[in-house]
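1. coords please:
(2 chains)
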Amino acid sequence: MSETEQQPEGGARQALRAPRGTRDVISPEVERWQSVEGATRETFARYGFREMRTPIFEDSVVFEKGTGETSQIVQKETYRFTDLGGHDLTLRPEGTPPVIRAYLEHKLGHSKDVARFYYIGPMFRYERPQKGRYRQFHQIGVEALGSESAALDAEIIDMAMTWLGDLGIESLRLVVNSVGDVDDRPAYMEKLVDAQKVFLGEMSEDSRRRHEVNPLRVFDSKEPEDQPVIEKLPKIIDHLSPQNRAHFDEVCGYLSDWGVGYTIEPRLVRGLDYYRRTVFEISSSALGAQDSLLGGGRYDGLVEQMGGDDVPGVGFAAGLERIVLALPEGAETASLDCYVVTVSRDLMPQAMALMRDLRGRGLRCTADFQDRSMKAQMKAANRSGAPAAVILGPDELSKGVCNLKMMESGEQHEVSLEILATVLAEELHGTGHTG
RNA sequence: GUGAGCGUAGCUCAACGGUAGAGCACUAGGUUGUGGUCCUAGCGGUUGGGGGUUCGAAUCCCCUCGCUCACCCCA
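-> Sure thing, here's the model as predicted:
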């Protein structure tokens, strides 16, 4: 706990960097994020979900009650601090508890309709960074509160698969399982713990620890030595109560009817403690060790645990960074319609006026602001990716025209300044450069 | 928190004990008003930071910071 100053920092100038585990999302990557976000909003809207934006920090109790005081996330991975007013706050490590907090705070369950929300935003966990894992990462999540219908579970799983498929992500693998609830979980846990005790000597050190902390997670072990043991342990899927078994079969029935490919994975046990009954996970082989793109499940009981009525819920969260990583290569779209080039620097006022006019008509344009030679401006125009260059010189201006040069073909012709915007729009449309 | 690998110009890399180089990129010129090819020239690094060994360190040793991958955990 003792803080020792250990930062030589000898040199005069130490480059400033983004904090460990955080990153800057810069063009062209940021355009990929934007396209994912746009497609996400459209897809979710088709299923009746509305966006909810909650604060990125909450009173720490929100996560203690929601995520769980004993969970690893809350115990070891939160960015938790006391603000100047003495409030105990936590940067949100996941999206579900804040949504439920807001649902309760604003009495959104009042109508008894199923409340459907989605969120997109940063989450924070103090972990060792790795491929597809960051300290500030971004999640896209959905929550549906107010129904325990298996149809809802199936719909949400279907939406998740449709969504990721529409984004163009290939090699998706959907696994589903049921982890039971109060009806069958306590009895099963006893059986599981007893069974594990028999094999303790054969289990890895990590799994012996899991046995103490969270016996279910032994199923998650990747240790080779644990695999034979796991095979012999009782599976919760075989110990479900009749009603939970029926619920799970119904979910699977829907998926089968719809042709959604899935695998029942008895070993799937999600990390968060609040999951009940249906759990699912979608992974992609396009990623490394952190191959889980999306995970979710039902969390009946969580709303009550957070101080509300007994409202059932189901949802999922997906990692935006991982989705972007798994995305297929896409063509870059031009971010400019034209680049304005002047023959000499004293024409800058005319160039500025022209650009104001073009922008007013909805066209995207820019120019060189460093008084560089025309050749340099043309190089910049080329680099900018703009499909067209608009050239202004004394000759053109005296005639009230400009030279419109299409960069790809190299063709160039005079166009009256008055109709430039229209002509340009037509040219761009014709060549599919409207991006 | 644990383990392994790696940090040299904007980028990708070379030099592996004798005071740092290439390609690409960038800038300018060849073209007195025109980019993307070509040619020429130029800019650019106290080799992540600190300490040590040595006559001499990018190169060897230690510490530190960071990156990467994996464990863990999870999106």
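
2. remind me which residues of chain A are low pLDDT?
-> A:1-14, A:430-435 (pLDDT under 70).

3. please redo it, this time with the cut-off set to 80
-> Across chain A, residues meeting the criterion (pLDDT under 80) sit at A:1-16, A:270-271, A:286, A:288, A:329-333, A:430-435.

4. Pick out the residue in it sitting closest to RNA strand B.
-> Closest residue of chain A to RNA strand B, C-beta to the nearest atom of the strand: A:G271 (2.2 Å). Glycine gets a C-beta too; all of them are placed from N, C-alpha and C.

5. and that residue, that's in a helix?
-> No - with DSSP: H, G, I helix; E, B strand; the rest coil as the criterion, A:G271 is assigned coil and is not in a helix.

6. how many other residues sit next to it?
-> Per other C-beta atoms under 10 Å, the neighbour tally for A:G271 reads 15.

7. isn't it right up against A:R217?
-> Yes - with contact defined as C-beta atoms under 8 Å, A:G271 counts as touching A:R217 (7.3 Å).

8. domains for chain A, by residue range?
-> Per automatic domain parsing, the domain ranges recorded for chain A read A:29-184+A:240-326, A:338-431.

9. Now do the SS call for the closest residue to A:A326 other than its chain neighbours.
-> Closest residue in space to A:A326, ignoring its immediate chain neighbours: A:A286 at 4.2 Å, by C-beta to C-beta, 6 or more residues apart in numbering. Classification of A:A286 using three-state DSSP returns coil.

10. My guess is A:A286 contacts A:R322. True?
-> No - with contact defined as C-beta under 8 Å, A:A286 does not count as touching A:R322 (9.1 Å).

11. So for these two, which sits in the more crowded spot?
-> A:R322 (26 against 16).

12. How about the helix or strand encompassing the more buried one and RNA strand B, any contact?
-> Secondary structure assigned from DSSP states H and E places A:R322 in helix A:320-326. Yes - applying C-beta under 7 Å from any atom of the strand, one finds helix A:320-326 touching RNA strand B at A:321-322.

13. What are the contacting residues of that helix?
-> The contact list for helix A:320-326 (C-beta atoms under 8 Å, 6 or more residues apart in numbering) reads A:29, A:32-33, A:36, A:120, A:131-132, A:134, A:137-140, A:164, A:167, A:169, A:284, A:286-287, A:290, A:292-293.

14. Please flag which of those sit within helices.
-> Mapping these onto helices (DSSP state H) picks out A:29, A:32-33, A:36, A:164.

15. Restrict these to the buried ones and give me that as a PyMOL selection.
-> For the buried members of those, the matching PyMOL selection, counting by 16 or more other C-beta atoms under 10 Å, is:
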select buried, chain A and resi 32+33+36+164
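
16. Any chance of the ones in helices among the contacts of helix A:320-326 in CSV with distance to RNA strand B as columns?
-> Output for these, formatted as CSV (distance: C-beta to the nearest atom of the strand, whole Å):
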residue, distance to RNA strand B
A:E29, 13
A:R32, 16
A:W33, 14
A:V36, 13
A:L164, 11
